[in-house]
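Engineer: next comes the sequence, and after it the predicted model I'd like to discuss.
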Amino acid sequence: MQSLLLHLIKKNYIFLAVILALTVFSSNSFAQEGKEADVAFLQSGSLAPINSLKAITNEEVSFPVPNKWNLVFYWSLFCHSCIEEMPEIQEGLSKLNGKEFETFFVSLDTEKMQKALENFKRRRKFPAPILMEKVENEKYLSADSWGVTMTPSVFIVDPQGKIIYSHQGPLDLDLFFKNLPEELVGKPVVESTSSEEESGVIIDEQ
């Protein structure tokens, strides 16, 4: 009887080990596929993806807008440099002669923080639309398509839908406006840069 019991236990251990091995293999395969599908941070010259997200006003908004100049700015309520830069960028772009911008400030805080985002907009009297990122299948619906991995992430899209400026990390606003591409201010194009200073916020993997 005792030998039969030990035999059954041994068989069960083997069965569980096989199931565990198959589970690990499946998980690793899925992770590898997801890794291969990741989009690198979009640089100048890339075609901007079209996304649709809900604004804090609960309307669905598609961006960037075709045949318009667009600013797409990914941020978070927990990113202090974002909050400092957003109104200055909004104001500065409005002063460019002959250029009217559609501006989209996409919060990675998602709809879970909608009330906080509404309060932010009201208290700061922030004029631009604030959109809320979505998470689907453990990925950011729009941010991942732009290759965003930290906040702030800034993109300028021309009327033809091409990205002419992109930057990841906290901005030096003086340099930002000084080095805007020639399509906007008639100066030489400066290559996109990326910074990972501590004041930025790294996006956690979902």
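Structural biologist: That came through fine.
Engineer: for the most centrally placed residue in the chain, phi and psi?
Structural biologist: Against the mean C-alpha coordinate of the chain, by C-alpha atoms, centre = their mean, the closest residue is A143 at 2.9 Å. Note on A143: backbone dihedrals following degrees, to the nearest 10 are phi -60, psi -40.
Engineer: need the pLDDT of it.
Structural biologist: Note on A143: pLDDT of 97.
Engineer: same check on N119?
Structural biologist: Note on N119: pLDDT of 97.
Engineer: again, but for the one 4 residues further on
Structural biologist: Per-residue confidence at R123 stands at 96 (pLDDT).
Engineer: that one: which element?
Structural biologist: helix 114-124 (DSSP states H and E).
Engineer: show me what the helix or strand that that helix is followed by is packed against.
Structural biologist: Under the assignment DSSP H and E, the closest C-terminal helix or strand after helix 114-124 is strand 130-132. Applying 3 or more C-beta pairs under 8 Å, 6 or more residues apart in numbering; DSSP states H and E, we find strand 130-132 packed against strand 51-55, strand 101-107, helix 114-124. (C-beta placed from N, C-alpha, C; glycine too.)
Engineer: mind putting these into TSV with mean neighbour count and distance to E84?
Structural biologist: Formatted as TSV, the helices and strands packed on strand 130-132 follow (neighbours: other C-beta atoms under 10 Å; distance: least, C-beta to C-beta, whole Å):
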stretch	mean neighbour count	distance to E84
strand 51-55	17	22
strand 101-107	22	13
helix 114-124	14	11
